[in-house]
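> Sequence first, then the predicted structure:
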Amino acid sequence: MALANQGPVLRRPDGTAESLVRARTSFIVENKIEAGVVRDSILASWTRSREWHVTSDNIELSNDFDLEPDSPLSRAASPILSDVADQMATEPVSVILTDADGVVLDRRTGDSALHQHLDKVWLAPGFSYAEKFIGTNGIGTALEGRGPAQVFGHEHYVENLADLACAGAPIWHPVSGKLLGVVDLTCWRRDAGRFMSTAVARIARQIEGALLDQSGPRELALLHDYLTACRRHRGAVFGISPDLVMMNDKARELIDPADQVALIAGASEAMNTGRRLLMLDLPSGAVARVQVRPSWIRQGIAGGVLHVQLAPPEIAQKPRSLAGGHASPLSAAVGSSMLWAKCCQAIDRHFQSREWLVLEGEAGTGKTTVAKATHQMRSPAAHLRILDADDYGPRWIADVIEELETGGGTLVLTHVDRLTTEGMQTLADALEPHRESTDPDRPWVVATVSSGGLAGGEAANLLESFPRTVEVPPLRHHVEDVAELVPHLIARLTRGSELTCSPEALRVLMRNRWPGNVEQLYQVLRKVVARRRAGVVVPADLPPETHAITRRVLTPLEAIECDAIVDALLDNNGNKAEAARHLGMSRATIYRKIRGYGITTGAGTG
């Protein structure tokens, strides 16, 4: 890389050094400044520096920062910095690399006088040159402005830096788009001139190229798919994997940060489990339709692209009730059976009395859902926070304590029975100071557990915080609610399109035992809607698993075998002998498996 004759780069300010000194003094002492003397970007940085209470006449920096000498940024930049340092070995110029916090990771300086001066002003590895510590400078101002920054002489906020000039350029990760740090060229003020900002911009691009070379095939595949999706679609697009998140401007515009977190979490889980289309209820009350397109899958972990559409306001904000046959905010809160209504009423009573509560039941019954629906029915404007115990750790406990101390609203702790004995005790200790509080703003706390999940001595202390337990019934115990759940879920999945379920198909669905509960019903209807968007759903539209009346959730291999048997029976008009021949199994085997899987097709012979 040639550094000479690059054209003018670091321009001297329009005013003289004397006028700049007067302007800086006037700003610091009198908070006044003459128009036209100081560049807008410098004046903005001076204002930030003053708000951070940076001392203008002294440098006091700490080096209490952990350096990562083997970080991806350092590895990518090191050979490039070495090359630049070799080319500038005879010049009074220093090339400096920092991380995203402005902490100097590397500094190469060939001139001994400049080297000693940079040490004197603590522009050295381990010290941060972020604006909040040192005021206006090429590194910190580039980080704050998210773009190139040039600072000359007395444009520096701290007087000790007035003999220097610097040009900084941000370094962005070429895949994730994350700001990783800054590369900076610093020299004496008198030597500033023709090559600095152009050269530093070129160095930054070289480092970004090296980072791209370091990226693995999975990151590159995701980047390719994400960029392709952004070119082809005008809506909200995300690129996600366990290590990075990318989103286009439309996604940032339409989806607020809290909803982004919930959406990415839900879509990641769906992607890892093979789901390709899902509807998500977001914390803001919006409903998102998410199309999932994996770029790679490895050992149950995936990365890919999300196409996101938000429900129209009239659908997402339609008033709903908790129980009684009307669409509720969440699918599992739909139902008017006596058993379901009794469950909802019990939870509602405990909400109104602010009694902390354990919701116990099988997976997929809607424990979290009915807690959310109760909150949204009784206090829709209040704060709601859901914390999954699967994420247990110091941060999780800190979030629990913060929610308890800030007060108000509802706190739902899911999968509490999955905590270790130590985790249960830590949670019990966090809840203890608040469980008997008479403060009217005390949050309503709900814990969800699987059936029998909190039995045993290790849970005794934790259970003391929850004086009431309500059992959320499995769907097979109130299967009559399937008649209300089905049209509600179809309306959600189709965004209100004209798709209805025939009485014959509904009877098939109501004969199932639904070991996976409402979640299993949702997945079945999702498969139906993927094939038919309008018209009437008939039994032939239902996936094979609905023709099996089983008391348990099948393993993946069992589900494949069951589906194959159902398909063979349907293809042969229910003739078991022909289906067995088609599958290459004996009649005795197919009879045994039909009984074991509880398969019914409504017709058939021998």
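Sure thing, it's come through.

> Going by C-alpha atoms from here, please, whenever you check contacts or count neighbours.
Will do.

> State the pLDDT value of Ser49.
Ser49 is assigned 92 on the pLDDT scale.

> Please apply the same query to the one 4 residues further on.
Among the per-residue scores, His53 shows a pLDDT of 88.

> Next: the one 3 residues further on.
We note a pLDDT of 89 for Ser56 in this prediction.

> Repeat that for Ile560.
pLDDT, Ile560: 69.

> which residues of the stretch 101-250 of the chain score low on pLDDT?
Counting by pLDDT under 70, the stretch 101-250 of the chain shows low-confidence ranges at 194-195.

> Spit out the contact partners of the residue nearest the centre of the chain.
Taking Cα atoms, centre = their mean, the centroid of the chain lies closest to Val261, which sits 3.4 Å from it. By Cα atoms under 8 Å, 6 or more residues apart in numbering, no residues touch Val261.

> so it, which of the three states?
Three-state call for Val261 (DSSP: H, G, I helix; E, B strand; the rest coil): helix.

> Then Leu493?
helix.

> and it, how many neighbours?
Leu493 has 22 neighbouring residues, counting by other Cα atoms under 10 Å.

> got a list of what it touches?
278-279, 526, 529.

> ok, which pair from these is furthest apart?
By the measure Cα to Cα, Met279 and Val529 form the most distant pair in those, at 12.2 Å.

> neighbour count winner among those two?
More crowded of Met279 and Val529, by other Cα under 10 Å: Met279, with 24 against 19.

> any idea which helix or strand of the chain has the worst average confidence?
Lowest by mean pLDDT, DSSP states H and E among the helices and strands of the chain is helix 313-316, with a mean of 40.

> buried set for the helix or strand Pro294 falls within?
Per DSSP states H and E: Pro294 is located in strand 287-298. Of all the residues in strand 287-298, those buried under the rule 16 or more other Cα atoms under 10 Å are 287-295.

> tell me the strands in the stretch 351-500 of the chain, going along the chain?
Here the stretch 351-500 of the chain has its strands, by DSSP state E, counting those that start in this stretch, at 357-360, 384-388, 410-414, 444-449, 468-471, 499-501.

> Contact partners for Ser241?
268, 302-304.

> Would you mind measuring from it to Glu269?
Going from Ser241 to Glu269 by Cα to Cα, to the nearest Å gives 11 Å.

> low-scoring stretches of the stretch 351-500 of the chain, by residue?
In the stretch 351-500 of the chain (pLDDT under 70), the answer is 455-458, 496.

> what about the strands in the stretch 151-300 of the chain?
Going by DSSP E, counting those that start in this stretch, the stretch 151-300 of the chain shows strands at 164-172, 179-188, 236-240, 245-247, 277-281, 287-298.

> Quick check: which of the ones you listed is buried the most?
Of all these, strand 164-172 has the most neighbours on average by mean count of other Cα atoms under 10 Å, namely a mean of 28.

> Just the CA atoms from that strand would do, formatted as CSV, please.
The C-alpha trace of strand 164-172 is given here as CSV (Å, rounded to 0.1, in the frame of the first residue of the first chain):
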residue,chain,number,x,y,z
LEU,A,164,-1.0,16.3,17.8
ALA,A,165,-3.1,15.7,14.7
CYS,A,166,-5.0,12.4,14.1
ALA,A,167,-7.3,10.7,11.6
GLY,A,168,-9.4,7.7,12.7
ALA,A,169,-11.5,5.3,10.7
PRO,A,170,-14.0,2.8,12.1
ILE,A,171,-13.5,-0.9,11.4
TRP,A,172,-16.8,-2.9,10.8
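
> helices or strands up against that strand?
Here strand 164-172 touches helix 138-145, strand 149-152, strand 179-188, helix 196-214, going by 3 or more Cα pairs under 8 Å, 6 or more residues apart in numbering; DSSP states H and E.

> The ones you listed into CSV, with extra columns for distance to Val538?
Shown next, in CSV, are those (distance: least, Cα to Cα, whole Å):
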stretch, distance to Val538
helix 138-145, 59
strand 149-152, 65
strand 179-188, 53
helix 196-214, 52
